[in-house]
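S.K.: Have a look; sequence and predicted model below, questions after that.
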Amino acid sequence: MPVTTETPVGEIASNFPLATRVFARHNIDFCCGGGAPLQKACEKRGLNVDEILVEINSELEGTQDATKWNDAPLTDLIEHIVSTYHVSLKEELPRLEMMAKKVNAVHGEKDPERLQAIETVFCEMKEELLSHMMKEEQILFPMIANGQGANASGPVSVMEHEHDSAGDALRKLRELTNDFTPPEGACNTWRALWHGLAALEQDTHQHIHLENNILFPRALTS
Ligand SMILES: [Fe+2]
Ligand SMILES: [Fe+2]
């Protein structure tokens, strides 16, 4: 089901979690104002709906582009991974961390163990992912770009191990958030955090897929 100017923003947020990044960027309310069609929600914020649609579609396209990377030059694939996934992850991790801390601080008493666990698991994962991306950008990706990929089996196996660890953290977050379903009566930040975590999971799965299944095997045999 494609997103149109008439699709209610709440429906867009549940069917396409990555679109919530665009909503967050422009302060479009998809929680309380979730029933409003995209057109109305944009008018309310003085935004051009066509430009917002383009932004939404470009967030969603990232998830459909796996196939062409089997043949593209490795340097293009690296550039794509960094500009699509690393850049947005560096933007999302601090934003979601702030929200996880806020929800725990304000609503902690409603579900103390889980909200604390979500904050702890998320903050650990954030630190790991930031240092992981730094290693890729400063060590492994330059090796691959310089044609040294065949000698990179050491760094590659470290990266794969760290991907497993991120995958475990995301699984825990999914469990702790009841498959990213906000509880009845959850406030806007709480809902936006759940949507943001769902989008992060989807995006990170795609990101890791491109590295584990395409970039690394191709680099090792290059
Ligand atoms: Fe990466
Ligand atoms: Fe990675």
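M.R.: Structure received. Ligands and ions are numbered 1, 2, ... in the order given.
S.K.: correct me, but Glu55 touches Val22?
M.R.: Yes - in this structure Glu55 lies within contact range of Val22 using C-beta atoms under 8 Å: 4.7 Å. Every residue, glycine included, has its C-beta placed from N, CA and C.
S.K.: Looking at the two, which is more packed in?
M.R.: More crowded of Glu55 and Val22, by other C-beta atoms under 10 Å: Val22, with 22 against 17.
S.K.: how would you label that one: helix, strand or coil?
M.R.: For Val22, the secondary-structure state derived from DSSP: H, G, I helix; E, B strand; the rest coil is helix.
S.K.: dump the residue contacts of it.
M.R.: 28, 52, 55-56, 59 (C-beta atoms under 8 Å, 6 or more residues apart in numbering).
S.K.: Narrow the residues you listed to those in strands?
M.R.: Per DSSP state E, strands hold no members of the contacts of Val22.
S.K.: Can you select the buried ones from the residues you listed in ChimeraX?
M.R.: Filtering these down to the buried ones (16 or more other C-beta atoms under 10 Å) takes a single ChimeraX command:
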select :28,52,55,56,59
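S.K.: ok, the contacts of Val22 vs Gly10, which is closest?
M.R.: Nearest to Gly10, judged by C-beta to C-beta, of the contacts of Val22 is Ile28 at 10.9 Å.
S.K.: element containing the closest residue to that closest one other than its chain neighbours, please.
M.R.: Nearest non-adjacent residue to Ile28, counting by C-beta to C-beta, 6 or more residues apart in numbering: Ala41, 5.2 Å away. Using DSSP states H and E, Ala41 maps to helix 38-44.
S.K.: Contacts for that helix next, please.
M.R.: 3-9, 12, 28-30, 33, 36, 48-49, 52-53.
S.K.: mind running it again at 10 Å?
M.R.: For helix 38-44, contacts defined as C-beta atoms under 10 Å, 6 or more residues apart in numbering pick out 3-12, 19, 23, 26-30, 33-37, 47-53, 56.
S.K.: Give me the domain ranges for this structure.
M.R.: The chain breaks down into these domains under automatic domain parsing: 9-63, 69-220.
S.K.: Mind telling me which of those domains the model trusts least?
M.R.: Mean pLDDT values for the domains of the chain show the minimum at domain 9-63, a mean of 86.
S.K.: quick one: that domain to chain centroid distance?
M.R.: Averaging C-alpha positions (C-alpha atoms, centre = their mean, to the nearest Å) puts domain 9-63 16 Å from its chain's average.
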